[in-house]
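Trainee: just need the structure, nothing else, for what follows:
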Amino acid sequence: MPAYSTKHLEPMEYVFMTSFIEKWSAKKAEKPKAGTRNALEAFRLRVAQQKDYLEEYERDTAGFKKWRSTWFQRVPGGFGVSIGRDAISAGDGLSYVVVDSAKEVAEFLDDLLQHAEHDVGFQKALENNRARRAAVLNAAKAQSSATKSITAKSPTKAPRAKPGPRAGKSKTNN
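Mentor: Purely as a prediction, here's the structure:
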């Protein structure tokens, strides 16, 4: 633990600072890095986000403009709902349903969340999907940085050669 200088503190401030450090130093931890939550927690957050979109849709059905972000879409006869943007199977190939109402969309999302929390196979599918997406993203980043390094090394235009005298055939008459 780093040493602190207490020369500038008044006696009461020193007691408070010492008390503060004693109280909270046992809970000292490293800050979590971005993107370190597990796939199930990320899925929970995405389902909560979908429920927020659904509530927003229900408040203003005509003015709702976030269809590109939703797992649910209007289809003839109701709503089509996919399980995430990657068409993850929730088991037995179930990745898309059609329901009659927004209320059933909410019910499906609730049941999907319960399923995700209790079905180990579905959790494994979420982890596999996350690993696959990370691999695709990392490959794209690697390809992008390789392309950048190649273009940085090569000039944008190749220099043109200066035209000089041509070595041609001489005409001889026989």
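
Trainee: now find how far off-centre the host helix or strand of Gln123 is within its chain.
Mentor: Per DSSP states H and E, Gln123 falls inside helix 120-153. Relative to its chain's centre, helix 120-153 lies at 11 Å (C-alpha atoms, centre = their mean, to the nearest Å).

Trainee: and that helix, what's its mean pLDDT?
Mentor: Helix 120-153 carries an average pLDDT of 82.

Trainee: that helix: which residues count as buried?
Mentor: 122-123, 125-126, 129-130 (16 or more other C-beta atoms under 10 Å). To be clear about C-beta, it is placed using only N, CA and C from the backbone, and glycine gets the same treatment.

Trainee: what about the helices in the protein?
Mentor: Secondary structure of the chain by DSSP state H: the helices cover 11-24, 39-59, 102-118, 120-153.

Trainee: okay, now Gln73: neighbour count?
Mentor: By the criterion of other C-beta atoms under 10 Å, Gln73 has 12 neighbours.

Trainee: not counting its neighbours along the chain, what's nearest it?
Mentor: Gly80 (5.1 Å; C-beta to C-beta, 6 or more residues apart in numbering).

Trainee: can you give me the distance of the one you found to Leu45?
Mentor: Look at Gly80 and Leu45: by C-beta to C-beta, to the nearest Å, they are 22 Å apart.
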